[in-house]
Structures are given as C-alpha cells and as structure tokens.
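J.: Here you go, sequence then predicted model.
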Amino acid sequence: MKFSESEENYIKGIYALQQKSKRVNTNSLASLLETSAASITDMLKKLKSKKLLDYKKYHGFRLNEEGNREALKIIRRHRLWEYFLVSKLGMDWEKIHDIAEELEHVSSKELIDRLDQFLGNPTRDPHGDPIPNEFGIMPEVNQISLKDLQLKRSARISSVSDQSPELMEMLNNYGIRIGTPIKVLQSFDFDGSLKVKIARQPDQMISGLAAENIFVYDY
C-alpha cells in the first residue's frame, strides 16, 4: 500500500512516541509534528481506516503490527540515506537529517535494497542509531546514557538521541563522534553537568542536558 508523505510522517512520529509511552496521546503527537489537534484527529481516522492503528477516542493510540512494520520501513530508508550522505558524499553529520527526511519518502523497495547492498549492509547510521534490516528487524543496542556512566569507567560514544544541528555542532566542538573514547571524571548535582576526559584532549565540561542525549557503550 502506498502512503502519502504526510501519512508517513505521522506513522514515524507515532512510532517514536510509543517507544517512550505505552499509548500515545493527541497532544504529544501534535507537539512533535508541530500541528493542530484537529489535524491529528483527522489523520488518526485515516490511519485507522488503513488498518495501521489501534485507536479509540479519548483512550490514546498505538500502531498495530502492520503499522509498526511500515514505521520500520521508513526508519530504514531514513537511516540508510543518512549513512550514504556521510560515507559516500562526505557530508557532516549535523547537516544530513533534514535531507534524509526528504529522501525517506522514496519508497522503492528495489532501490533501498540496492542502496543497502551498495553501502555494505550497515547496522548503524552516522548518529549511532540502529538500522532495521530488510525484514524489519532492528539490531539490539546495549548502551547507557552518559549521565549514568560510572565515574572513571572507560566507554565509547555509541549514539546521540537529539540530532538537532545545534547539538551536533556542539559535539563537533567537543571533538565527540561515534566511537570516541570518553570517561566521566566528576559529576555535579547542581545542574547535572559532567567533567569528562575525551580521547587525548584536555578535560572538558559537558552540560547535563547534553549528557542526557549522549549514549555510550559501557566496557
């Protein structure tokens, strides 16, 4: 079944929100997609009619099994295009999200499968997010937030949850990339900020907000 660009944005948005909550509500989706509650209600009816949604008015909603499959297809396309933009075109990781948002709506399965093969079947995108395979299986990720990393314990950057250009620019300034070695030297209860050692650089301070959006492999 073909879906419009708007429908795909809703499907992906609902999928993202239901990773944090058992059921999604209209207000949270309206906030994420920056649209009105009335527009949300209209689209929910469309998605329910296409048998993608478990939706009961006033009781929240979730994607059903078919809806989740469609969401993973969109996510797969988005993350493969991000990988392509960085690995083959040499674009900076803070500039690729919006471009991939446009490219993800090119839904040719043959094209995406060929792209996957061309790239060597990557399992993580440039931000460290797992890429679903052609069967819709998401690779398992074992990681923790930097703010939860034990003091003086060695780790490597595994992913970044907030992929806004502003955070990406700040991480570039810190010298942080996926795979960068990092160690938390001290934490400060006042604002959650951390004093960290990044690779061979001088000790640096990272805000609590940034630390919540940086994830690491603990080893």
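T.: Yep, it's here.
J.: Without its sequence neighbours, what residue ends up closest to Leu151?
T.: Closest residue in space to Leu151, ignoring its immediate chain neighbours: Val184 at 5.5 Å, by C-beta to C-beta, 6 or more residues apart in numbering. No exception for glycine: its C-beta is placed from N, CA and C like everyone else's.
J.: check which helix or strand covers that neighbour.
T.: Per DSSP states H and E: Val184 is located in strand 181-187.
J.: Could you do Pro122 as well?
T.: Assigned by DSSP H and E, Pro122 belongs to no helix or strand.
J.: So, low pLDDT: which residues of the protein?
T.: Counting by pLDDT under 70, the chain shows low-confidence ranges at 219.
J.: how is it carved up into domains?
T.: Domain assignment for the chain by automatic domain parsing gives 5-63, 144-218.
J.: Return the distance of the last one from the chain's centre.
T.: The offset between the C-alpha centroid of domain 144-218 and the centroid of the whole chain comes to 17 Å, using C-alpha atoms, centre = their mean, to the nearest Å.
J.: Please name the nearest non-neighbouring residue to Asn172.
T.: Per C-beta to C-beta, 6+ apart, closest to Asn172 is Glu94, 6.9 Å.
J.: Determine which of the domains of the chain approaches Ala71 most closely.
T.: domain 5-63 (3.6 Å; C-beta to C-beta).
J.: For Ser108, give me its contacts.
T.: The contact partners of Ser108, taken as C-beta atoms under 8 Å, 6 or more residues apart in numbering, number zero.
J.: Use 649 as the first number for this chain going forward.
T.: All set: I'll call the first residue 649, so the last point we hit is now Ser756.
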